[in-house]
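Undergrad: after the sequence you'll find the predicted model.
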Amino acid sequence: MSDIKTLSEFIVERQAEFPGASGDLSSLLTAFRLAAKIVNREVNKAGLMADILGAEGTENVQGEAQQKLDVYANNLFIRMMKTQGAVCAVASEEDDDIVHFDNGGKYVVTMDPLDGSSNIDVNVSIGTIFSIYKRVSSGPKATLEDFLQPGSAQVAAGYIVYGSSTMLVYSTGHGVNGFTLDPSIGTFCLSYPDMKTPDDGKIYSINEGNWYEFSDGVRNYIDACKQKKMSARYIGSLVADFHRNLLKGGVYLYPGTTKAPKGKLRLLYEANPLAFLVEQAGGMATDGTTRILDLKPTELHQRCPLYIGSRNMVEAAMKA
């Protein structure tokens, strides 16, 4: 055990990367750690508890059916952010509007509390995606301005994947590090230090059920992947697909379609945090033409196409 570095130890060590930091960001990351443990517990016993499985019977602002675990995770993370004190407001994929705490905190958080939650009933990996920004507005309450910052303004971002093991992966702009939950001691331990994604890969991830709604360029790129005998891997859980491709090398594509020209994924809750991470790991993320982190959001629940993963593969997809 003496050689194992815990997430708590790692966070304390890395505080030196932020001269003059008060420790609020470290405390905030600690809050995500605790919430992740609780969600992990609920996910792992979901098959034994009928009241946590299935649909809630409501829809979120996206018009998507909310799963019971969606609502549970959303409420949990919001409660943790409020209790922690450094966060003055949260924007969640599951809520219509900003949730204010009125506590004077200097950070705002955007999050997808349970990505891929429709897969929980069939025991497929799901996850949490989060992003942290410094508040830029003045006045008693955070405003929309605080959330409509370009992704390049993120001070930290990360995700948690609940699968065969539970992992928390995050970056504060100084590389990407992954921590695996050791259930025997209830602690996240550093398992993937300084993560780097390969420049090339052999995996492409896309929902080919949308084939006839794709542009010719996207179809040409998929054909090129098949001609190179690449592996098609698409779970339907963004965190799980992204995590696999980050480690092994690959590209994830959710382009615009004839029915949804702006794509399906949310810029603030999914594209920005994962783009921040993939760039820190040496990869690339665009909307097909523009770097994701350069996009200036105009809406809280704005959607965008996403091409993300190994640099050479994303560049090839953009040229198709």
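TA: That came in fine, so what should we check first?
Undergrad: drop to CA atoms for contacts and neighbour counts, all remaining ones
TA: Will do.
Undergrad: let me see the backbone angles for K264.
TA: Per-residue torsions, K264: phi -110, psi -30 (degrees, to the nearest 10).
Undergrad: mind checking the SS state of the residue most central in space within the chain?
TA: Geometric centre of the chain, nearest residue: I129, 2.9 Å, by Cα atoms, centre = their mean. Recorded secondary structure, I129: strand (DSSP: H, G, I helix; E, B strand; the rest coil).
Undergrad: could you find the closest non-adjacent residue to it?
TA: Distances taken as Cα to Cα, 6 or more residues apart in numbering place Y159 nearest to I129, at 4.3 Å, with adjacent residues excluded.
Undergrad: just checking: what are the partner strands of whatever helix or strand the one you found lives in?
TA: Assigned by DSSP states H and E, Y159 belongs to strand 156-162. Strand 156-162 pairs in its sheet with strand 126-134 (antiparallel), strand 166-171 (antiparallel), by DSSP bridges.
Undergrad: so can I have TSV of these showing distance to E13?
TA: TSV is the format used below for the strands paired with strand 156-162 (distance: least, Cα to Cα, whole Å):
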stretch	distance to E13
strand 126-134	20
strand 166-171	14
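Undergrad: which one of these lies nearest to L76?
TA: Evaluated with Cα to Cα, those place strand 126-134 nearest to L76, the distance being 11.9 Å.
Undergrad: could you give the separation of the closest one from the chain centroid?
TA: Strand 126-134 sits 5 Å away from the centroid of its parent chain (Cα atoms, centre = their mean, to the nearest Å).
Undergrad: CA atoms of the helix or strand that it is followed by as CSV?
TA: Downstream of strand 126-134, the first helix or strand assigned by DSSP H and E is helix 144-147. C-alpha atoms of helix 144-147 as CSV (Å, rounded to 0.1, in the frame of the first residue of the first chain):
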residue,chain,number,x,y,z
LEU,A,144,-25.8,33.2,-17.9
GLU,A,145,-22.5,35.0,-18.8
ASP,A,146,-20.7,32.7,-16.3
PHE,A,147,-21.8,29.6,-18.2
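Undergrad: use 166 as the first number from now on
TA: Yes, from this point I'll number from 166; that puts the last item at helix 309-312.
Undergrad: residues contacting the residue nearest to the centre of the chain?
TA: I294 is in contact with 276-280, 322-325, 404, 434-435, 438-439, counting by Cα atoms under 8 Å, 6 or more residues apart in numbering.
Undergrad: do that again at 6 Å, thanks
TA: Taking Cα atoms under 6 Å, 6 or more residues apart in numbering, we find I294 in contact with M276, D277, G323, Y324.
Undergrad: tell me which residues form a beta bridge with the first one?
TA: When bridges are assigned using DSSP bridges, the partners listed for M276 are S257, F295.
Undergrad: quick check, pLDDT for it.
TA: Per-residue pLDDT puts M276 at 98.
Undergrad: do I have it right that it meets S257?
TA: Yes: M276 sits in contact with S257 when judged by Cα atoms under 6 Å, with a separation of 5.0 Å.
Undergrad: with neighbour numbers in mind, choose between those two.
TA: M276 (26 against 23; other Cα atoms under 10 Å).
Undergrad: could you look up the SS state of the nearest residue to S317 once chain neighbours are set aside?
TA: Among residues not flanking S317 along the chain, L458 sits closest, at 4.9 Å (Cα to Cα, 6+ apart). Using three-state DSSP, the structure places L458 in helix.
Undergrad: so who does L458 touch?
TA: Applying Cα under 6 Å, 6+ apart to L458 gives the contacts P315, G316, S317.
Undergrad: Y472: how many residues sit nearby?
TA: Neighbours of Y472 using other Cα under 10 Å come to 28.
Undergrad: what strand or helix carries it?
TA: Using DSSP H and E, Y472 sits within strand 471-474.
Undergrad: now what about that strand, what contacts it?
TA: With Cα under 6 Å, 6+ apart, strand 471-474 has contacts from G415, V416, Y417, L418, Y419, P420, G448, M449, A450, T451, D452.
Undergrad: scan these and report the most crowded one.
TA: Going by other Cα under 10 Å, G415 tops those with 31 neighbours.
Undergrad: next one: that residue from W376, what distance?
TA: Here G415 is placed at a distance of 19 Å from W376 (Cα to Cα, to the nearest Å).
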